[in-house]
Structures are given as structure tokens and as C-alpha cells.
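**Q** sequence unknown, structure follows:
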């Protein structure tokens with residue numbers, strides 16, 4: 001099973017969109033550093049679901065405090081928050097194969113540093129390509145995530161038009 005690092009906003013979007021369990025079944029989802037605490041914070045959507053997933057091992061916890069934060073993530077002007085920083089630090093340390101990240105600054109960092117990533121909006125399509133979601137279910141989940149997320153027009157356009165070959169490296 002492929003190990004995938006996930007940030008807080010993506011996990012919450014997948015939970016709200018009804019896909020967290022499907023993604024946790026397809027991948028070894030891993031929450032690094034600050035992410036588990038953010039996901040289980042009282043009042044956050046899905047906090048009890050994430051706490052149960054962490055306890056049961058369906059969401060792996062990675063203590064990334066012993067991993068040195070790369071200099072690129074320490075540069076002034078780098079606008080990633082603690083959870084995204086810990087997620088990216090863990091990936092750059094070889095603790096996962098790619099990241100699921102919906103934070104704009106984190107995604108920009110991934111693009112600038114050639115880090116493999118997807119956002120939650122692409123997950124229904126990936127699960128469909130992997131044969132884990134039918135076409136109607138994938139369409140319903142995609143529409144739900146479009147409504148829930150705050151995606152820029154360019155991100156929405158990419159999700160609608162990217163070729164399957166672009167997504168194949170992210171299949172479970």
C-alpha cells in the first residue's frame with residue numbers, strides 16, 4: 001500500500017466530501033507533525049472520526065519533530081502553516097510517495113520544488129481510475145468537493161481537463 005502524506009485541510013475536505021474512508025482504504029494516509037492535533041481539535045469537522053482513525057491505524061501518525069525542516073521551508077516569505085510545513089518536511093525526508101494538499105501556499109511550494117502532489121478535488125477521479133469508484137459516484141463526490149473547496153478557476157479547469165496519464169502516477 002502506498003504511503004501518502006495528507007495535510008489538515010485536505011483530510012477535512014475529504015471527510016466532508018464523503019471520501020476520507022475510501023482514501024484511507026486505498027492508501028496508507030499519514031498525518032505528520034502538527035496535522036493529527038489539528039484534525040482532532042475540538043470543534044473541527046470530523047474530529048472524532050479522525051481521532052478514531054488515528055487510534056485504529058487507518059490514519060497513520062508520524063512524529064516529524066526529529067526531522068530537520070528543509071531550508072526552503074524556512075525562507076522568509078514562505079507562507080505555509082505548521083501542518084503543511086510538517087507534511088512537506090516529512091515528504092522531503094522520504095516518508096511518503098506524494099502529498100495530498102489543498103493549501104494554496106503549500107501547493108505553490110510543491111510546484112516550485114517539483115514535489116508530487118494532488119489536491120482533494122482530484123481524489124474522486126483517481127479512485128475512479130483505480131476502479132474503486134463508479135463514474136456516477138466519482139461525479140457526485142467531485143461536485144461535492146467543488147462546492148466545499150475554495151478552488152481557483154485554474155485548479156477547477158485542470159481538474160476538468162487533465163488527461164488520465166497525468167493522474168496515473170498517483171493511483172493506489
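**A** In hand now; what should we look at? Predicted model only: the values in this text are computed from it and were never measured.
**Q** which residues are in contact with the lowest-mean-pLDDT helix or strand in the chain?
**A** For the chain, scoring each helix and strand by mean pLDDT, DSSP states H and E identifies helix 71-74 as the least confident one, at a mean of 72. Counting by CB atoms under 8 Å, 6 or more residues apart in numbering, the neighbours of helix 71-74 from elsewhere in the structure are 78, 80, 85, 88-89, 109, 113. Any C-beta I mention is one placed from the backbone N, CA and C, and that applies to glycine too.
**Q** immediately after that helix, which helix or strand?
**A** With elements assigned by DSSP states H and E, the helix or strand that comes after helix 71-74 is helix 82-92.
**Q** in that following helix, what's buried?
**A** Counting neighbours by 16 or more other CB atoms under 10 Å, one finds that the buried residues in helix 82-92 are 83-92.
**Q** quick one: which of those residues is nearest residue 30?
**A** Within these, the smallest distance to residue 30 is 7.4 Å, found for residue 90 (CB to CB).
**Q** contact partners for that closest one?
**A** Remark: with contacts taken as CB under 8 Å, 6+ apart, residue 90 is in contact with 5, 30, 32-33, 62, 64, 67, 96.
**Q** and the contacts of helix 71-74, which is closest to residue 119?
**A** Of all the contacts of helix 71-74, residue 109 has the smallest distance to residue 119: 13.4 Å, by CB to CB.
**Q** okay, and that closest one sits in which element?
**A** Assigned by DSSP H and E, residue 109 falls within helix 104-112.
**Q** next, the angle from that helix to helix 82-92.
**A** 20 degrees (axes from the mean of the first three to the mean of the last three CA atoms, to 10 degrees).
**Q** packing partners of helix 104-112?
**A** Secondary structure elements in contact with helix 104-112, counted by 3 or more CB pairs under 8 Å, 6 or more residues apart in numbering; DSSP states H and E, are helix 82-92, strand 117-118.
**Q** now what about whichever strand or helix holds residue 136, what contacts it?
**A** Per DSSP H and E, residue 136 falls inside helix 135-148. Residues lying outside helix 135-148 but in contact with it, judged by CB under 8 Å, 6+ apart, are 13, 16-19, 120-121, 123-125, 127-128, 133, 156, 159.
**Q** just the buried residues out of those residues, in ChimeraX syntax.
**A** Taking 16+ other CB under 10 Å as the burial criterion, the selection of buried members of those in ChimeraX is written as:
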select :13,16,17,19,120,121,123,124,125,127,128,133,159
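**Q** now, among the contacts of helix 135-148, which is nearest to residue 26?
**A** For these, the minimum distance to residue 26 (CB to CB) is 6.4 Å, reached by residue 127.
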